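A.B. asks: okay, here's the prediction I keep looking at, along with the sequence it came from:
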Amino acid sequence: MSTRDEYIAKMKLQLDELDAQMTKLEAKAQAAKDDAHDKYKEEMAKLRHQSKLAKGKLDDLMDAGEDKWDALVAEMEKVRDAFKHSFSYFKSQL
């Protein structure tokens, strides 16, 4: 397996794990009081949007030629890090 394939597989695994954790948090947020529930729904919508952005960037990365690979890796890591940071913050608020 090439370094490129390994990187893509690693990134996909990380995004899939974050999505699974978001699903668990979503269930926890459902149990929140009604006044907090709306805030959690809004935050979950933001996280879902970030997840879609990250998956879109991963798709771009998979389709990229060697000439764009390094630039897209840097972009992918920024998107992933922002997603992870938002997720961690949301999780800490529950």
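C.D. replies: Good, I have the coordinates. Numbers count the residues shown, from 1 in each chain.
A.B. asks: just give me the neighbour total for Lys28.
C.D. replies: Close neighbours of Lys28, defined as other CB atoms under 10 Å, add up to 11. In short, each C-beta sits where N, CA and C put it, glycine included.
A.B. asks: so how far is Lys46 from it?
C.D. replies: In this view, Lys28 and Lys46 are 16 Å apart by CB to CB, to the nearest Å.
A.B. asks: the chain: helices as residue ranges?
C.D. replies: Taking DSSP state H as the test, the helices found in the chain are 3-30, 34-63, 66-93.
A.B. asks: average pLDDT across the last one?
C.D. replies: Predicted confidence along helix 66-93 averages 87 (mean pLDDT).
A.B. asks: do the same with the longest one
C.D. replies: What helix 34-63 shows for mean pLDDT is 85.
A.B. asks: for it, packing partners?
C.D. replies: Helices and strands touching helix 34-63, by 3 or more CB pairs under 8 Å, 6 or more residues apart in numbering; DSSP states H and E, are helix 3-30, helix 66-93.
A.B. asks: okay, buried residues for the first one please.
C.D. replies: Along helix 3-30, the positions that meet the burial threshold by neighbour count (16 or more other CB atoms under 10 Å) are 8, 11, 15, 18-19, 22, 25, 29.
A.B. asks: coming back round to it: as CSV, the helices and strands packed on helix 34-63 with distance to Leu53 would be great.
C.D. replies: Shown next, in CSV, are the helices and strands packed on helix 34-63 (distance: least, CB to CB, whole Å):
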stretch, distance to Leu53
helix 3-30, 10
helix 66-93, 6
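A.B. asks: using CSV, write down the CA coordinates of stretch 18-35.
C.D. replies: Taking Å, rounded to 0.1, in the frame of the first residue of the first chain, the C-alpha atoms of stretch 18-35 are listed here in CSV:
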residue,chain,number,x,y,z
LEU,A,18,-15.8,11.2,14.7
ASP,A,19,-19.1,10.6,12.9
ALA,A,20,-19.8,7.6,15.2
GLN,A,21,-19.0,9.6,18.3
MET,A,22,-21.3,12.4,17.0
THR,A,23,-24.1,9.9,16.7
LYS,A,24,-23.6,9.0,20.4
LEU,A,25,-23.5,12.6,21.4
GLU,A,26,-26.7,13.3,19.4
ALA,A,27,-28.4,10.6,21.5
LYS,A,28,-27.2,12.2,24.7
ALA,A,29,-28.3,15.6,23.5
GLN,A,30,-31.8,14.2,22.9
ALA,A,31,-32.0,13.4,26.6
ALA,A,32,-31.2,17.0,27.5
LYS,A,33,-33.7,19.4,28.9
ASP,A,34,-35.9,21.1,26.3
ASP,A,35,-34.2,24.5,26.7
